[in-house]
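> Take this sequence and fold it.
(chains A and B)
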Amino acid sequence: MPVSSFASSLDMARFLPELILTIAGTLLMVLDPVIHKRSSSLFGHLSILALLAGIGGALYGYAHRGPAFGGLLMVDGFATFFTVLVMVVGILTVLPSYKFLQREDAETSEFHALLLFSVAGQCIMASANELIVIFIGLEISSIASYVMAGYLRDDKRANEAALKYFLLGSFATAFFLYGVALIYGATGTINLSAVRAVILGPNAPAPVFIGVAAAIMFVGLAFKVSAAPFQIWAPDVYQGAPTPVSAFLSAGPKAAAFAVFLRIFMTAFEPIAGGWVPLVWICALLSMTVGNFAALLQTNVKRMLAYSSIAHAGYVLVALTAQSEVGTAAAMFYLAGYAFMNVGAFAVVSHLSGRGEKYQDIESFKGLAQKQPLTAAMLTIFLLSLIGVPLTGGFFGKFYIFKAALESHLVWLTVLGLLNSAVAAYYYLRILVMMYMHEPGEAVRDIEPLTPSLGLALILPAIGTLFLGIFPGWVLDFAGKSSNLLK
Amino acid sequence: MNLLTVVLALPLASFLIALLLPRSSPQASRMWALVSSVATFAASLGLLAWFDRGFAGEQFLLDVPWVTSPNIHFAISANGISLWLVILSTLLTPLCVLISWNSIQARVKEFFAFLLLLEFGLVGVFIAQDLFLFFVFWEFSLVPMYFLIGIWGHERRIYAAVKFFLYTMAGSMLMLTAIIYLYNRTGTFSYPAILDMLLSGQLRLAPVEQMLLFLAFFVAFAIKVPLFPLHTWLPDAHVEAPTAGSVMLASVMLKMGCYGILHFCLPLFPAASRTCAPWIVVLAIIGIIYGALVAMVQPNMKKLVAYSSVSHLGFVVLGIFTFTQMGLDGAVYQMLNHGISTGALFIGVGLLYDRRHSLEIKDYGGVATAAPWLSTMFMITMLASIGLPVLNNFVGEFLVLQGTAVANYTWTVYASIGVILSACYMLWMYQRVFFGELGPEVRSHMPDMKLREWAAVVPLIVMMFWMGVYSQSFLPPVGKVNARVLGQTQVNVPFRVELAPVKRAEVARAR
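Down below sits the predicted model:
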């Protein structure tokens, strides 16, 4: 679809968050040489301000919702939900990184600039309504996050993580792009609604074309959300990357990739759902099972959380398998809850691991409850939510997902998924056991007191988790309202 | 805002306040836990005062929308059965505070906070009338118990705590599936509304459907009861838990499963319940005998009491699945009895442990000489547990056996073996611990009951006599609810009528 003349002011209003973040990111890079190194927490403040402004911009855009730039972007409730979500994840990543960057002597503005660019890319992914724009968003988000994964350039593990992430990530993006090319070849358009119209229309291309294109794009996106069998990269990357970055990777890009997943498969490819639903079914079950059972065996907490995030991707895929508006809403709610609990859990790991991230072993949590009861209590909330205990966001999320699945008659997937979450309880409980039922170990004796920013980084997600668990109505109603995507 | 809400909200509010108390002053935490739990108990007695004993239905209704889509309500109410279970929970909590007064020395603040949180969860389970809300409380009550066992338990506490959590969690996941399935069929989580639909024929579950749903609910409940062969978590959890944990676990948490079967399984899935009844009864009887036999050979007192629980709860399940008024009444009465007498047994074992720091029977002997009052108290409790007339368990066991005899006399014969065995293991244990040679270790470590300990034990002993002598104070409201439940189980049950004469013939033959 051709872009009509110049962008109107309405277009710009709908593009506000991306605009704000990109300008702020650029500004941060320029400021770096100017600002004295001593006041480097300024970068953190500025990026939080930018993200808050971005959230404001997103809400303003929502007030004037509609298509932007001639249909390249679609600012609707769905887009705004994910835009706000990834920016919140951004804020929750910046908060623990104050301390982290200071501890690792790596306070530069690049970290924050890259973060803002990555978030901007994810915002574009959330609202993109055309395959090429999705691709651009995906690239902006990914390239920034490749660099972030290797941000500690003297750390061998981080280097390995970044390289692995880069190589496999590029592969996946290439896959996605190949799928886009096939779609364009087959239907002559890349606008999602137009693709759908062509598939449903009288001159529909041969199903094999669309099927292959959909399958290839599926592979690319499944990689991005770390769904089995495309999950191999996740444990190494999450383990090697700096902990705040792992937190970010496990929540932000994943949420955005799921937004794209949902938008493409629930609009353009909805007519061929019969073809891809079985595929997603298998992927969902594999992700849950592989993630949970592999996590049982881990001793490194970051690696364990990586496997757990694979399992959680599986739960969201269950919602996609349901292939209904309820399922979409459930996935949205779940990703919001997941973002809070997972980012919070990583923040605790970042706090505990100490300089050089030497304490990553599950044993390091020994006796945390005695030394820092508040930190332990917050982590308890996150872990209970990851297990899916009632009154936490994780429970409601799981509940909505499996409710949607049962509505679509996916009885077996539901039973297996729920039993999976009972298995998962075991490895989360192990951390609780370490924290509460052992005497303090070396890591806990070395632990530094909570700084205000770290405290916020723990308390905010905890409040979010409990809020979603006790008053899920607000978010769920919004998700329900915005789950009927423009077709 | 009615009184029932107050009874539910008080423990939660007390928990939140307990969190704010200073860690440096454990005495403040103890006092607060005692005061607030006594206040909750007083409020629950208020429930009793305002309870309309002539009315079989739900009382103290409160229904507030919680989430609009899906339609989840915060709906609570109490009936003649749940009322007693609520009072049982609120009675035992202050007693648990008393017995943990000195025996818990590490992390006192957290201990009492978790105890109050546990009370909140337990009360919630018994009064929730929205299936979703019920599930929330059901799962939620796991968390404080997990910490109570895991932090303040004995040597193998971590293993026991994790096993307890995972066992229950696995069962409840199936129940969650069934609850969501029911919601998708009916569009509501409201338990009364679903029952109405069943009774009016608006909701018809195909036999297979009903059977699968029944099993999903039943397995979750049976794990909690625990029914043989799903009982293996129980001895571990009981033995490793601190005294207060064992008391709450045995007296109240196990009742969650029994209550669930009675309150949800029977009325929701009458045909499936009846179809499965013979199999479940067999498991219950195996549990009665097996539990008693295993209890007999235990060298560890707590383990002995734990296995005796398996045996006693077999009676409850047996009573429920006789589908007779007497059987059901007996089952409910036995739930309460078990709560009182096993709670007291665990307290007694806990008092011994506080003194001698051992749970092994062989480390004792002659306690009666050193601590006569303690021995007397233990004796009464033990006799109650055996089922001596005048004491409470006798009434319950009698009703269950009587009800069973109406349903199938052979079952009664097997089940009563359990009663005999219970006398064997209890008396034998009592003999070895309290009589015989008084060792120097025991003599120097065995002061008699203190005032605080009396305060924890006397209410239970009073209840044992009261419930044993004058069951009329308790049974009528229970009976009314059971009659209603029985009525509900007779929906679509054609073979009900033809069963009765056969049974009578069997009874006659046996005579």
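
> so what's residue 395 closest to, chain neighbours aside?
I went with chain A, as the question did not name one. Residue nearest to residue A:395 in three dimensions, not counting chain neighbours: residue A:388, with 4.8 Å by Cβ to Cβ, 6 or more residues apart in numbering or on different chains. Bear in mind the C-beta positions are built from the backbone N, C-alpha and C, glycine included.

> that's the wrong chain, I wanted chain B
residue B:471 is the one closest to residue B:395 (Cβ to Cβ, 6+ apart), at 4.9 Å.

> Flag the shaky bits of the chain, pLDDT-wise.
In the absence of a named chain, this looks at chain A. Scanning chain A with the threshold set as pLDDT under 70 gives A:1-7, A:36-40, A:486-487.

> Chain B, not that one
B:1, B:491-511.

> if you set the cut-off to 80 instead, what comes out?
B:1, B:54-57, B:68-69, B:201, B:438-446, B:490-511 (pLDDT under 80).

> so the residue in the stretch 251-400 of chain A positioned nearest to chain B, which of the three states?
In the stretch 251-400 of chain A, the residue that lies nearest chain B is residue A:390 (3.9 Å; Cβ to the nearest Cβ). Put simply, residue A:390 is coil when judged by DSSP: H, G, I helix; E, B strand; the rest coil.

> Spell out which residues of the stretch 301-450 of chain A are next to chain B.
A:369-370, A:373, A:384, A:387, A:389-391, A:395, A:399-400, A:402-403, A:406-407, A:411, A:414-415, A:418-419, A:421-422, A:425-426, A:429, A:432-433, A:436-437 (Cβ under 8 Å from any Cβ of the partner chain).

> Now, the residues you listed that are in strands?
Among those, no member is found in strands (DSSP state E).

> At the contact with chain A, which residues of the stretch 1-150 of chain B appear?
B:23, B:66-70, B:107, B:110, B:132, B:135-137, B:139-140, B:142-143, B:146-147, B:150.

> at 10 Å what do you get?
B:19, B:23, B:65-70, B:72, B:106-107, B:109-110, B:121, B:132-133, B:135-143, B:146-147, B:149-150 (Cβ under 10 Å from any Cβ of the partner chain).

> so where do the helices sit in the stretch 201-350 of chain A?
Counting by DSSP state H, counting those that start in this stretch, the stretch 201-350 of chain A has these helices, from start to end: A:207-224, A:233-240, A:243-263, A:273-296, A:301-322, A:325-353.

> Enumerate every residue touching the residue in the stretch 301-450 of chain B that chain A sits nearest to.
Distances between the stretch 301-450 of chain B and chain A by Cβ to the nearest Cβ are smallest at residue B:302, namely 19.3 Å. Counting by Cβ atoms under 10 Å, 6 or more residues apart in numbering or on different chains, residue B:302 touches B:154, B:235, B:238-241, B:243, B:246, B:345-346, B:349-350, B:352-353, B:359-360.

> and residue A:168, how many neighbours?
The number of residues packed near residue A:168 is 17, by other Cβ atoms under 10 Å in any protein chain shown.

> Am I right that it is in a helix?
Yes: judged by three-state DSSP, residue A:168 forms part of a helix.

> Return the distance of it relative to chain B.
Distance of residue A:168 to chain B, given as Cβ to the nearest Cβ, to the nearest Å: 34 Å.

> these two touch, right, the residue nearest to residue B:395 and residue B:392?
Yes: Residue B:471 is within contact range of residue B:392, at 8.2 Å (criterion: Cβ atoms under 10 Å).

> So the two - more neighbours on which side?
residue B:392 (29 against 20).

> I'd like the next helix or strand past the helix or strand where residue B:75 lies.
Using DSSP states H and E, residue B:75 sits in strand B:72-78. For strand B:72-78, the following helix or strand on the C-terminal side (DSSP H and E) is helix B:82-99.
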